[in-house]
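Engineer: what's the 3D shape of this:
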Amino acid sequence: MKRFFLFFISFLIFNGLQAQSGDAGAIIEKTSQIYDGWEGMYVRFTAQLRGELNGMAERFEGTIKMKKNKFVLSTPDMTIWFDGTTQWTYIERIEEVNVHTPSDDEVRYLNPMILLRDYQKDFNVSCTGESTSVHAKMAYDLTFTPKKKNDIEKMVVQIEKSTCLPTKLVVTMRNQTLSTVINEMNDMPLDDGIFTFPKSSYPNAEIIDLR
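Structural biologist: Got it, this is the predicted structure:
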């Protein structure tokens, strides 16, 4: 399920997205201008996955650091490094690292910037109301609906008025719902070296090279 999560958390990075609604477009443009001035990004989040059909529920916390097309995603049971070319996935429970070079299709779901450039082709976007964020601040609700039927029914992104930053994302899929709350999002200059697997920090890990 966490494979889906990276797709959804990446959705919160609006750089390059063009909305079809004027109001939504203006909101996204303000958010994009903020991101454009950042040298890197640190996000701390809480995610909850709920399956309406099978009653499944899962909750976890994590962090993601991003810089252009590179990222490090950390959750309690796994860490993923992507340096723009190679991906390392460390599974803590079995101390195993899978190394591979993602295909073009996989990169679309690993690289937030590539992914978001394609959203204007796949989604209609509108500002559908206002709400109160988890930080007790007024926020806009932007709704993204697919132009063609797929696994996603809709996505609602909450963006605080005062900061122009996203604080919550709710994705409704055909068989499950993922709710992501952004607890913290900051500008953070990042060195390119952090996006490569630090082998010396995991001396007991078995490395499986799938390239």
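Engineer: my read is residue 31 is in a helix, agree?
Structural biologist: Yes. Judged by DSSP: H, G, I helix; E, B strand; the rest coil, residue 31 forms part of a helix.
Engineer: how about the helix or strand encompassing residue 35: buried residues?
Structural biologist: Counting by DSSP states H and E, the element that carries residue 35 is helix 22-36. For helix 22-36, a neighbour-count test (16 or more other C-beta atoms under 10 Å) marks 24-25, 27-28, 31-32, 35 as buried. Just so you know, the C-beta spots here come from the backbone N, C-alpha and C atoms, and that holds for glycine as well.
Engineer: okay, those residues in CSV with pLDDT next?
Structural biologist: Converted to CSV, the buried residues of helix 22-36 look like this (pLDDT from 0 to 100):
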residue, pLDDT
24, 79
25, 75
27, 82
28, 76
31, 78
32, 73
35, 75
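Engineer: wait, residue 102 sits on residue 87?
Structural biologist: Yes. Using C-beta atoms under 8 Å, residue 102 is in contact with residue 87, at 5.5 Å.
Engineer: any idea how far residue 171 is from residue 151?
Structural biologist: Per C-beta to C-beta, to the nearest Å, residue 151 is found 10 Å from residue 171.
Engineer: these two: who's more crowded?
Structural biologist: Legend: neighbour count by other C-beta atoms under 10 Å for residue 151 and residue 171, higher for residue 171 (23 against 11).
Engineer: now do the SS call for the more buried one.
Structural biologist: With three-state DSSP as the basis, residue 171 sits in strand.
Engineer: please apply the same query to residue 182.
Structural biologist: strand.
Engineer: that one is in contact with residue 45, isn't it?
Structural biologist: Yes. Using C-beta under 8 Å, residue 182 is in contact with residue 45, at 5.5 Å.
Engineer: mind listing the strands for the protein?
Structural biologist: Using DSSP state E, the strands of the chain run over 41-50, 57-67, 70-75, 78-82, 87-91, 96-100, 123-132, 138-146, 152-160, 166-173, 177-187, 206-209.
Engineer: quick check: buried residues in the third one?
Structural biologist: The neighbour-count check on strand 70-75 (16+ other C-beta under 10 Å) flags 70-75 as buried.
Engineer: for stretch 147-155, same thing?
Structural biologist: 152, 155.
Engineer: tell me the mean pLDDT over it?
Structural biologist: Throughout stretch 147-155, pLDDT has a mean value of 80.
Engineer: show the end-to-end separation of it, please.
Structural biologist: From its first residue to its last, stretch 147-155 covers 12 Å (C-alpha to C-alpha, to the nearest Å).
Engineer: can you list the low-confidence ranges for the chain?
Structural biologist: Residues of the chain that meet the criterion pLDDT under 70 lie in 1-22, 52-54, 105-121.
Engineer: at 80 instead, please
Structural biologist: Within the chain, the stretches falling below the threshold (pLDDT under 80) are 1-22, 24-25, 28-33, 35-36, 49-56, 68-69, 104-123, 150-152, 171, 173-182.
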